[in-house]
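> just the structure for this:
(chains A and B, ligands or ions: 6)
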Protein chains: 2
Amino acid sequence: NPWASLTVPETVAIAQWLDAPERALNLTPGDRVSLNDNLIYHIGAFRPAKADALAYLADPANTPPPARYARVTIHHGAAFEPVVKDYLVGPLPVNENTVMRPLTEIYHREEIPHNARGYITLAEVNPILIRAMPSLAEATQELFGGVAMGLPNDTLVAGVVGPLSFDGTFRRAWINWRRNVPGVWLHPVGFFLYVDITGTDPQEWKVLKVVYNHQVFASPDEFLEAFKNGTLKRLPSRPDQRDIEWTTRKRPDSPQRDLDHLPGPRSVSFAGLRFRVDRATQYISWMGWGLYLGFDRDMGLSLWDVHFRGERLIYELAPQEAIAQYAGNDPMQASTAWLDRYFGMGSSVRDMLPGYDCPHEAVFLPATTHSFVGSITRQRAICVFEHDTARPIQRHMGYEEGEFGAVKGVVLVIRSISTVGNYDYQFDYIFHLDGTIEVKLSASGYIQAGFWEPAQEGYGTVIRDTTMGSLHDHVINYKVDLDVAGPANSLLFTHTAQEEITQPWFEDDWGSTVVQQKITRTIIENENDALLKFPQNFQGGYALVNLEEHNRWGIPRGYAIHPGYSPVYNTVVGSKRLLNNANWARYNLAVSRRKETEPSSSSMWNQNLPGAPMVDFHKFFDGENITQDDLVAWVNVGTHHLPQAEDSPNTRANVATSSFFLTPLNYFDADISMDSTNAILLSPPAEP
Amino acid sequence: NPWASLTVPETVAIAQWLDAPERALNLTPGDRVSLNDNLIYHIGAFRPAKADALAYLADPANTPPPARYARVTIHHGAAFEPVVKDYLVGPLPVNENTVMRPLTEIYHREEIPHNARGYITLAEVNPILIRAMPSLAEATQELFGGVAMGLPNDTLVAGVVGPLSFDGTFRRAWINWRRNVPGVWLHPVGFFLYVDITGTDPQEWKVLKVVYNHQVFASPDEFLEAFKNGTLKRLPSRPDQRDIEWTTRKRPDSPQRDLDHLPGPRSVSFAGLRFRVDRATQYISWMGWGLYLGFDRDMGLSLWDVHFRGERLIYELAPQEAIAQYAGNDPMQASTAWLDRYFGMGSSVRDMLPGYDCPHEAVFLPATTHSFVGSITRQRAICVFEHDTARPIQRHMGYEEGEFGAVKGVVLVIRSISTVGNYDYQFDYIFHLDGTIEVKLSASGYIQAGFWEPAQEGYGTVIRDTTMGSLHDHVINYKVDLDVAGPANSLLFTHTAQEEITQPWFEDDWGSTVVQQKITRTIIENENDALLKFPQNFQGGYALVNLEEHNRWGIPRGYAIHPGYSPVYNTVVGSKRLLNNANWARYNLAVSRRKETEPSSSSMWNQNLPGAPMVDFHKFFDGENITQDDLVAWVNVGTHHLPQAEDSPNTRANVATSSFFLTPLNYFDADISMDSTNAILLSPPAEP
Ligand SMILES: [Ca+2]
Ligand SMILES: [Ca+2]
Ligand SMILES: [Ca+2]
Ligand SMILES: [Ca+2]
Ligand SMILES: [Cu+2]
Ligand SMILES: [Cu+2]
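Ligands and ions are numbered 1, 2, ... in the order given. Here you go, the predicted structure:
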């Protein structure tokens, strides 16, 4: 598996090699690090060049596997001008030829600002909060029923929203206060601080603003004075939810539903599992499909070298980024634009629950990520199972011999779930017998709630006495490096529209003209024209085709990128908080020429660099020709999330689901699900 | 079950009552009927008035069930001016008070033209074909490799497309010829007749046109002369598929896939089924849901009195019509606009295949329809089963007590499959634990193929040497009589759009304005404004709400009509062949005030009356106020079908799927799937 994650021994060896005096990196271990220390933030596999990997796959017996490299992120907090740097370290395993060099060619700016760095603790802002909040204890107790003293039994707890910076020149955070109870996300109290945490010296950090009930104070003292002298305009007194059961997953006190004392149906492969998993290489095969798994800190599970019936179909299928952009009439929701890669979709994977997150008979696979705290291995990070969709993939009941039968609709599912703070992202890759893949993302977990008061009207819905569900959009981007019948692909746009034409046989009865639809097929030749939205009413769509490879009937073999559930893009365009760091989210999909220097549409630092991102997606689209070249489709799923009472305690994954299909389009000569032997063909009944 | 179908004894009694001399109907039995006879075409249940049914349901012990009536369709072929009439017959069972009267109040024209009548045999056109075709045998044998002599071993067979009329003043059909082999739909030869079959005397029928290779001939003789004298412009000689295996469901000669010799996973409810089915009343209940089944000739399965946790949610949920409108450069595809209610979605249901169409442990239920050939009962017309979706409906993995758990995502599925000629429509109603219903339609079966030649470019794709898959749209309409927290409902349109506003706390760093989205909520007050499309990018949507009933947090209780897979409407507007008989297909959905006189958006005769339909959907929208009234949502699913090689032999149901969700929108105070006991709640691991 050329895309395998680093092993723990590999990582340990790299860390030791980096720590050696000759590297002169002056590193401090992660467990006792300060902001002004140097630190290994992350060590992860850097994927080989595609050409190298393909050469190896083409002839593994006679070709050495591609050299392995690590991407190493170091926080140079001890530098005179603190900075973050990405390095390429290799070849691996560490030996006398191993070298390191700055990894810059995959980014659109030279340096990663220290102010945009990843968290080494979510409590990073605590030093300034501990200075500011105790003096406000009397006020916060009276107004919000809680205090934050910097103690373990604090009854208020801070939440920090992002982005923390625009371009890396500062690091400033809006802090919103919540009651420190289970389901904290649903307990905002409507009190906000804006803090400057620029630089590495917490003594220089300061509170810039205090906001309460639409009043802005220049300092905690100013707020306190207004509180004491009675000029503070208070929120109207309203019932507050002292009850916290509703924000937990504890079962409500409701009668058990009829027959719910019984277990539900359970899927059993009575003759044994029908897929193969090679644990050593994380290679999976099922019904003609085969693929390798990859896994990394930033985005978790990825699929590599996906092939079907002996042909490579996808070189890489990997999520890239997940944004969640909020709206509101308070500093928290109005300024939130999350890019969850920052937090690590991979490092936030936890062990899935057998029987609940995946069926009992699923095969679970481990994944390991390596950060400043060391290596974490989750034994049930990934699951694989065959699933009966309980409906035929294809069937007919005709009256002639050979017309009466059905093919069972079984699929293979590969799943991983990332819990990033409040949200649970369920990544599903669903493989069908006919060559279709459904890429599906479902969300559950807690919403990021706001404090409800009437000025929030239009930005959400009250879901409890003082809690609102805030309006926001989720958009998630996938890299789909389709290689359809080879790497040389073109982008086909199919469009249908109405026409009125004359046909010679229609002069009687109906008039000589006919109103009908017609297909227009266009090859989009330039990247700049390949930032795409699905056509109105889905009249047509997009596919990658190989114009030089035809099926038996002379049609270029292709794969369509077909919308599934909730095919949406981001509603908001031009927000400064998401100015150029997630431009992929403006479209349903985009297609660019594949580049080794464009491995991803995002980076973890994009979160805090909306004005000057490390990866600027629009820069991929620089006017290149995209006919019969190696192309990558960047495809989005998403949901417009207008929360409602039923989002509490957690969002329902059945409706919070979005997907797209990759499905053959004249790729074959006929539907190949017909060769399944889990099928039935009957003679039509003599008496139909 | 006030909506139960008629039993066979009831139907027999009605038929005998109608046949009695005092009715003076001069009926001829269906097995020896001619077009100029009188015939009982159909007998089916006519559903009671909603008020009567609700009164009975409210107090069944003290209220008589609503009187039962039958709708009886009679072909008055023996009349001086032949006509079709619908009658209401009842009350039932037949007794001395039983009367019949014309049923006209549910239609928008007085009479049903005899020229628009339903088929009593698909071979109706044969008398004229048998006169015309034998003389062409030499030509058809040479050109198409087959003949039609009116014999059982004919090697060419006629297909008739619809509509047969515009307004009922004529009945004329385009005939296309196909090779008489299994999978006949995929074997068109490119030869067409236009025949006049107006009236009841086949001797007066005539061939109006003969079309071959874009040449129009006024008669078979004229065509024959051109054939013989060499002026006929022939289609270029091209390979023809002598092989017919590809149009059957026989397994191709391909190697068995790895492990496909084993059976796939099977769903087993080891402790017994968790849903209840009352076979006598066709009442089904599961996890708080309860509903009655209905079934009729026109559209098959329907659901009645759908209630959840003790509250009625939907009075009636029933498919109404399924259109398939084609395009092409030949008389067949360019003139086809099917309305499949004409053929009977109910009467074309056949026995589903256990283990393939439904899981092995599904409960199968029978359905009976009554036509001129008598009563047909299908023992496996409907199936019901609980299905594990293999993913949680809700889950989170937090770090605090009560944040770590999942609820199993089980659903109940109610299914019926109608095979209308070439197509198989799979109707699914999928009930979720949280109150969501997914209404899903999948299609399989044969496409209606065209003869491929280059002039067809733009109207489809070649899928075999001489066969093309023709471009067409499917749109299927459902009646959804939601009663959300009572019958008084309003139509809520929620819309989100971008705004740029000033907020006082943002003057630093990011500028004082913020670009974000905002919700606008509007009650659509007039029917005329309730012919609806989903907003661009699905930014917002539609719901029925009760403005006088609020959840605990003061929000009007509602149910959203949420797009699922492939939320499309018909591409073509204004075709004469679909002028006013399927106007519902122009929208994603529409909402009208409920009327007893508007039980359905279509009728079986709409197929042949595009210019003057029996039911003109637009007439429902006559300016009435729709606030806090009993409303009906008419909701569409559909697919734009651009066929491809993989549509052969049969369309893949996994991608040919369309759906919508009915899902609670602040209907509850929180997500009630939380009360499932097939759930897990764990203490977060000490070492997360
Ligand atoms: Ca480029
Ligand atoms: Ca590619
Ligand atoms: Ca009306
Ligand atoms: Ca209603
Ligand atoms: Cu959300
Ligand atoms: Cu179709």
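> and the lengthiest helix in chain A, what's buried?
Scanning chain A for the helix with the most residues, using DSSP state H, yields helix A:8-19. For helix A:8-19, a neighbour-count test (16 or more other C-beta atoms under 10 Å in any protein chain shown) marks A:10-15, A:17-18 as buried. In this view, the C-beta of every residue, glycine as well, is placed from N, C-alpha and C.
> just these now: which is nearest residue B:533?
Of all the buried residues of helix A:8-19, residue A:11 has the smallest distance to residue B:533: 53.7 Å, by C-beta to C-beta.
> any idea which of the buried residues of helix A:8-19 is the one closest to residue A:416?
The closest of the buried residues of helix A:8-19, once distances to residue A:416 are taken by C-beta to C-beta, is residue A:11, at 20.4 Å.
> find the helix or strand that the residue lying closest to that closest one once chain neighbours are set aside is a member of.
The shortest distance from residue A:11 to any non-neighbouring residue, by C-beta to C-beta, 6 or more residues apart in numbering or on different chains, is to residue A:370 (4.5 Å). According to DSSP states H and E, residue A:370 maps onto strand A:363-371.
> between that strand and helix A:8-19, how many degrees?
Comparing the axes of strand A:363-371 and helix A:8-19 via axes from the mean of the first three to the mean of the last three C-alpha atoms, to 10 degrees yields an angle of 10 degrees.
> is the next helix or strand after strand A:363-371 in proximity to chain B?
Next in sequence after strand A:363-371, counting helices and strands by DSSP H and E, comes strand A:374-397. Yes. Strand A:374-397 is in contact with chain B by C-beta under 8 Å from any C-beta of the partner chain, via A:385-397.
> avg pLDDT for the longest helix of chain A?
Helix A:8-19 carries an average pLDDT of 96.
> which elements pack onto that helix?
Other elements packing on helix A:8-19 under the criterion 3 or more C-beta pairs under 8 Å, 6 or more residues apart in numbering or on different chains; DSSP states H and E are strand A:38-46, strand A:68-76, strand A:83-92, strand A:363-371, strand A:374-397.
> can you lay out these as JSON lines showing mean pLDDT?
Below are those laid out as JSON lines (pLDDT from 0 to 100):
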{"stretch": "strand A:38-46", "mean pLDDT": "97"}
{"stretch": "strand A:68-76", "mean pLDDT": "97"}
{"stretch": "strand A:83-92", "mean pLDDT": "97"}
{"stretch": "strand A:363-371", "mean pLDDT": "95"}
{"stretch": "strand A:374-397", "mean pLDDT": "97"}
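> can you list those in TSV and add distance to ligand 1 and mean neighbour count?
Shown next, in TSV, are the helices and strands packed on helix A:8-19 (distance: least, C-beta to the ion, whole Å; neighbours: other C-beta atoms under 10 Å in any protein chain shown):
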stretch	distance to ligand 1	mean neighbour count
strand A:38-46	21	22
strand A:68-76	22	23
strand A:83-92	22	20
strand A:363-371	31	21
strand A:374-397	32	22
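> would you turn those strands into CSV with distance to residue B:518?
Formatted as CSV, those follow (distance: least, C-beta to C-beta, whole Å):
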stretch, distance to residue B:518
strand A:38-46, 38
strand A:68-76, 38
strand A:83-92, 36
strand A:363-371, 39
strand A:374-397, 39
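> please name the bridge partners of residue A:590.
Applying DSSP bridges to residue A:590 gives these bridge partners: residue A:531, residue A:634.
> quick one, what contacts it?
A:530-532, A:584, A:617, A:620-621, A:633-634 (C-beta atoms under 8 Å, 6 or more residues apart in numbering or on different chains).
> how about 10 Å then?
A:477, A:491, A:527, A:530-533, A:542, A:583-584, A:601, A:617-618, A:620-621, A:632-636 (C-beta atoms under 10 Å, 6 or more residues apart in numbering or on different chains).
> with residue A:26 instead?
Contacts of residue A:26 by C-beta under 10 Å, 6+ apart are A:19, A:37-38, A:76, A:78-79.
> try it again with 8 Å
Residue A:26 neighbours (C-beta under 8 Å, 6+ apart): A:38, A:78.
> what are the phi and psi values at it?
phi 50, psi 50 (degrees, to the nearest 10).
> now the one 3 residues further on
Its backbone dihedrals place residue A:29 at phi -60, psi 150, with angles given as degrees, to the nearest 10.
> and it, how far is that from ligand 4?
67 Å (C-beta to the ion, to the nearest Å).
> follow-up on the earlier one: the residue nearest to residue A:11 contacts residue A:6, doesn't it?
Yes. The criterion here is C-beta atoms under 8 Å, and residue A:370 meets it with residue A:6 at 6.5 Å.
> which neighbours do those two have in common?
Joint contacts of residue A:370 and residue A:6 (C-beta under 8 Å, 6+ apart) are A:43-44.
> ok, stretch A:500-508 near chain B or not?
Yes. Judged by C-beta under 8 Å from any C-beta, stretch A:500-508 and chain B are in contact via A:503-506, A:508.
> so which residues of the stretch 151-300 of chain A form helices?
A:220-229 (DSSP state H, counting those that start in this stretch).
> no further queries at this time; thank you.
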